[in-house]
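**Q** below are the sequence and a predicted model; questions follow.
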Amino acid sequence: MASTADDPEQPFDPAGQTPSVDPSITPSTPRRRKPGVSADQTRRKGGRRSADIPHADVARRPTHRKNSTGPRRRELLQALGIFQRATPDQLWKLTRPGNQHDKLTRDNLLDLEDHQLVRIESVRGDRRQVWVLTKRGHDEAKLLLSPKGIRISALREKKYDPVTGKLLGAGYDDHAAAVTSTAAELHRAGIGHRLGFQTEIGHRLADGYVQRADLVVRAPEAGVPVLLVEVDRRSEDAHDLVIKLRRYWEWGRLLPRDADKRTVGLVRSRPDAIEHVGHEQRLWRRVYPPTGREGLVPLAFVFADTTEAKVANTVAVLEEAGRRYWAPRRYDSLYEKAITALDYRQAVPVVVTTLEQLQEHGAGAEVWRRLGRTGEQTLTDALDNPDGHTLYRAQGARADAEAKQRRAAEGEAQRPVCTRCGRKFSDERWEEITVHRTAVRAGDKSVCGPCRADDVARQEAAAEAARLEAAAPPEPQGGPEAKRGRGWLRRRP
């Protein structure tokens with residue numbers, strides 16, 4: 001008998017039913033219900049609904065690691081966006097040099113790898129991993145760098161050999177590693193911020209050739225507003241470095257395209273006319289800030305993976321063959337013997353060091369040598385010009401004062417002496433007898449001012465006496481008796 005809707009549901013008795021024998025029908029074996037599902041709950045078709053699983057349709061993202069923070073991840077993305085490839089040790093010095101080791105940097109790199117922002121491109125011979133940005137990480141770095149006006153490096157895409165399947169272009173050449181290590185050591189010493197570094201910056205010359213600097217450093221807070229860096233692993237001849245120096249010198253003498261026509265005409269008139277054009281009107285001041293020192297944009301040569309003898313030979317060639325471009329000149333002054341200062345206004349300040357010295361002593365130590373000097377100095381001391389324009393102004397002022405004193409002494413020796421009283425002439429009396437318009441009325445030129453005044457007073461007194469004498473009435477010739485003895489009736493004796 002079938003049960004009605006009012007009848008309570010009877011419990012299922014497996015012993016009271018026999019399984020179906022039709023092979024096309026699944027045997028009606030009893031189903032085991034999952035825990036938490038009551039016997040009277042009907043089975044839902046199509047599985048669980050998405051409303052019951054809030055994140056069923058959302059891709060599951062990995063959680064950030066414990067030691068990973070937002071600022072650290074942004075720093076790594078910015079550094080890789082600028083330098084393209086770097087090891088954890090280099091990234092540690094470029095982002096958090098204050099930490100004792102690169103453990104946190106490696107943890108953050110692994111966290112970025114979990115989020116598919118970075119990847120390991122290769123492993124160097126010293127077992128150090130080389131990290132690069134993925135396509136997604138490159139887009140993130142562009143969002144961080146583009147608003148700041150910083151050029152982002154090219155994306156390192158995965159390219160495989162169609163035959164062997166080997167990853168192509170995954171080599172991390174030693175030159176690129178040396179450039180990144182140089183920037184890391186500068187940042188570790190407080191010279192520059194990671195956002196103040198740029199790589200492969202082009203400088204177009206007048207003939208169209210583009211000279212690219214390996215590294216451009218901007219560190220105004222460290223006293224280095226701008227510094228061009230060329231890293232050499234002895235892969236270039238010393239004379240090739242001289243050619244690079246010449247190109248930077250030529251680029252520093254160029255005018256911008258919108259320069260004044262009068263200035264352009266002046267520069268084209270003769271080769272050295274550009275030296276009379278101020279640096280503010282030149283092209284390099286449109287690209288870089290003022291250096292705060294005399295001269296063009298400073299240049300640094302960093303030698304890596306070489307010997308001291310090779311470095312010494314290269315520096316000797318730079319000093320000799322490149323003297324025209326880095327050496328200062330003598331000032332054109334009236335006091336040639338008194339002025340020992342040098343004119344650096346048309347020279348390129350060149351400093352040299354080695355990557356090994358930077359890593360051993362630090363970039364802030366006395367590891368920099370200026371061409372034309374002996375000994376090593378700190379970077380700012382090497383770039384300064386203590387014998388430059390400041391000394392020139394001091395020596396010029398001192399020479400002017402000495403010349404003025406010398407002229408005064410010579411004039412005092414030539415001052416006339418009064419022939420009457422023996423005193424020296426005053427400045428007024430000396431000028432009176434030497435100036436033509438007053439010399440005609442100077443009187444006796446051999447006497448001083450007071451004696452001349454006495455002469456004038458005597459002359460004026462004599463003239464006054466003569467005037468008074470001339471103005472008095474004349475007296476009678478015979479006297480009073482002669483007047484009484486004469487008359488009409490008096491006879492002459």
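**A** Looks like it arrived, so ask away. Numbering: from 1, shown residues only.

**Q** C-alpha only now, for contacts and for neighbours.
**A** OK.

**Q** mean confidence for stretch 467-474?
**A** Regarding stretch 467-474, the rounded mean pLDDT is 78.

**Q** and for it, what's in contact with it?
**A** Contact with stretch 467-474 is made by no outside residue, as judged by C-alpha atoms under 8 Å, 6 or more residues apart in numbering.

**Q** how far does that stretch sit from its chain's centre?
**A** Taking C-alpha atoms, centre = their mean, to the nearest Å, the mean C-alpha location of stretch 467-474 is offset from the chain mean by 93 Å.

**Q** now stretch 230-242
**A** A distance of 24 Å separates the centroid of the chain from that of stretch 230-242, by C-alpha atoms, centre = their mean.

**Q** ok, and what's touching it?
**A** Residues from elsewhere that reach stretch 230-242, judged by C-alpha under 8 Å, 6+ apart: 175, 178-179, 213-215, 299-306, 314, 317-318, 321-322.

**Q** go again with 7 Å.
**A** Stretch 230-242 has contacts (C-alpha atoms under 7 Å, 6 or more residues apart in numbering) with 175, 179, 213-215, 300-306, 314, 317-318, 321-322.

**Q** buried subset of those as a PyMOL selection?
**A** Selection of buried members from those for PyMOL, criterion 16 or more other C-alpha atoms under 10 Å:
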select buried, resi 175+179+213+214+215+300+301+302+303+304+314+317+318+322
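
**Q** where does the stretch 1-150 of the chain have low pLDDT?
**A** Residues of the stretch 1-150 of the chain meeting the criterion pLDDT under 70: 1-62, 66-67.

**Q** now the strands for it?
**A** 118-123, 129-133 (DSSP state E, counting those that start in this stretch).

**Q** can you check the stretch 251-400 of the chain too?
**A** Assigned by DSSP E, counting those that start in this stretch, the strands in the stretch 251-400 of the chain fall at 299-303, 329-330, 342-343, 350-354, 369-370.

**Q** and the last one, average pLDDT?
**A** The pLDDT scores in strand 369-370 average 97.

**Q** in its sheet, what does it sit against?
**A** Using DSSP bridges, the strands paired with strand 369-370 are strand 350-354 (antiparallel).

**Q** same thing with the first one?
**A** Counting by DSSP bridges, the strands paired with strand 299-303 are strand 224-232 (parallel), strand 350-354 (parallel).

**Q** residues making contact with that strand?
**A** Residues outside strand 299-303 that contact it (C-alpha under 7 Å, 6+ apart): 227-233, 348-355.

**Q** for the last one, same thing?
**A** Residues outside strand 369-370 that contact it (C-alpha under 7 Å, 6+ apart) are 350-353, 375-377, 382.

**Q** still on that earlier bit, single out whichever of the contacts of strand 299-303 has the smallest pLDDT.
**A** Minimum confidence in those sits at R233, scoring 88.

**Q** mind checking how far the closest residue to it other than its chain neighbours is from K310?
**A** Of all residues not flanking R233 in the chain, A304 sits nearest, at 4.8 Å (C-alpha to C-alpha, 6 or more residues apart in numbering). Distance check for A304 against K310: by C-alpha to C-alpha, to the nearest Å, it reads 11 Å.

**Q** so who does R106 touch?
**A** R106 makes contacts with P88, as judged by C-alpha under 7 Å, 6+ apart.
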